[in-house]
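1. sequence and predicted structure below; questions after.
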Amino acid sequence: MSTGAGGKNFDVAIVGAGILGLAHAYWAASRGHSVIVFERSPQSRGASVRNFGMIWPIGQRAGETHQMALRSSQIWTEVLKDAQLPYHPTGSLHVVYQPDEAEVAREFCARGPAHGYSCRWLAPREVLDKSDAVIAAGLIGAIWSETELTVDPRRIIAELPRYLSAKFGVQFRFATAVQSIQLPNIVAGGETWTVAHAIVCGGDDFETLYPQLLAGSGITRCKLQMMRTPPQPHGWQLGPALAAGLTLRFYPAFEICTESLPRYQARVAREMPDYERWAIHLLVSQTADGALTIGDSHEYGLAVEVFNKDEIDRLILEHARTFLRAPDLSIAERWYGVYAKHPEAAFVSIDAAPQVKIVTAPGGSGMTLSFGLAEKMIHEMGL
């Protein structure tokens, strides 16, 4: 079919200009297809701009999902370099201060390499040599991984469309909601477009397109609270992205720690009930302008509470101050994000109609899995 450039005939239509939609546009366009992307908002404003900006293979479940994350990280690096967009390839540290945290971390470092994780245990001095942001008092050690990188999600999601347009001729229609898909026709913004394939990356919008299919998919919503400091003074750098011991009980990668993890999880649930109630773990990343992003919490359910809880922010900051030191830990911004999540699957893909695929619910790993997942989906569609 092709066409593009000013016409209304395209090989592929993408619904949603978040990171999943942009990644699918990249793969379809890089294979020579004409691509149009529809975004209902004037700019992307969902989960793709409300996160840490972490590309985080270290957290993904061993096996296919972890391999997809590594592949995605590779493509992220290629795209960012080609687009001349900033990123921090600093790796990550999971810092631990409690004996049972250390047991989990050490077990992961022992078992992880056999599962494909590039990780090793660092003693306190080695941790402090890698990071000026880690509090030394009480530090037992850390998991070091070199595979993680960080981007500024607000900047990257805003600028990737310009790159895709300039590099591949991808067309974008912002502030243009898709109302119906009956291939070869798509009705969007009151106009009709002709396309051969459609990929719906609508995030946590379960109601607009294919509501019955999504209602029966098992996916739900997750709300998280996050905060950001002002840019750190004098060019101060965080170094590796930081994760606290609480994160060990959150990401599925650590399920391989079958000896130590259950004991740690039970202790946290018993002794830190408020952190368990709100599923709080601690991550810290740095944006291109030097600000620190700190979070986060997790509240699950289809009906998202629109009001943030001061208690959650307080708990996050209290725990952050047990391991994180920086010149300025005042809070300049607070927000919440919402993403789609399946209780068991790493993502959800649904064949909604011939040549129409829904791709959603990568949980909190949308940035991490995006380019690898999109490559898989484009291949499955024979594009």
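-> Structure's in. What do you need?
2. domain map for the protein?
-> Domain segmentation of the chain under automatic domain parsing yields 9-48+154-217+345-380, 92-146+220-341.
3. okay if I get those domains as CSV plus mean pLDDT and mean neighbour count?
-> The way it works is simple: take the backbone N, C-alpha and C, and place the C-beta from them, glycine included. Shown next, in CSV, are the domains of the chain (pLDDT from 0 to 100; neighbours: other CB atoms under 10 Å):
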stretch, mean pLDDT, mean neighbour count
domain 9-48+154-217+345-380, 97, 20
domain 92-146+220-341, 97, 18
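4. so which of those domains comes closest to A62?
-> Of all those, the one in closest proximity to A62, counting by CB to CB, is domain 92-146+220-341 (4.1 Å).
5. for that closest one, measure first residue to last.
-> Terminal residues of domain 92-146+220-341 are spaced 24 Å apart (CA to CA, to the nearest Å).
6. what of stretch 75-95?
-> OK, stretch 75-95 end separation, CA to CA: 28 Å.
7. quick one, helices of the stretch 201-350 of the chain?
-> 211-215, 261-271, 273-277, 310-320 (DSSP state H, counting those that start in this stretch).
8. now those in a markdown table, with distance to A158?
-> Output for these, formatted as a markdown table (distance: least, CB to CB, whole Å):
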| stretch | distance to A158 |
| --- | --- |
| helix 211-215 | 27 |
| helix 261-271 | 37 |
| helix 273-277 | 34 |
| helix 310-320 | 26 |
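9. and of these, who's closest to T150?
-> Per CB to CB, nearest to T150 of the helices of the stretch 201-350 of the chain: helix 310-320, 16.8 Å.
10. and that closest one, what does it pack onto?
-> Contact partners of helix 310-320 among helices and strands, from 3 or more CB pairs under 8 Å, 6 or more residues apart in numbering; DSSP states H and E: strand 220-231, helix 273-277, strand 291-295.
11. what angle sits between it and strand 220-231?
-> Angle of helix 310-320 versus strand 220-231, following axes from the mean of the first three to the mean of the last three CA atoms, to 10 degrees, is 60 degrees.
12. okay, helix 310-320 in CSV with CA atoms only?
-> Extracted C-alpha coordinates of helix 310-320, given in CSV (Å, rounded to 0.1, in the frame of the first residue of the first chain):
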residue,chain,number,x,y,z
ASP,A,310,1.0,12.2,51.8
GLU,A,311,1.7,9.1,53.9
ILE,A,312,3.1,7.3,50.9
ASP,A,313,5.5,10.1,49.9
ARG,A,314,6.6,10.4,53.5
LEU,A,315,7.4,6.6,53.7
ILE,A,316,9.3,6.8,50.4
LEU,A,317,11.4,9.7,51.5
GLU,A,318,12.1,8.3,54.9
HIS,A,319,13.5,5.1,53.4
ALA,A,320,15.4,7.0,50.7
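13. what does that helix contact?
-> 225, 227, 244, 246, 274-275, 278, 280, 282, 284, 294-297, 329, 331, 334 (CB atoms under 8 Å, 6 or more residues apart in numbering).
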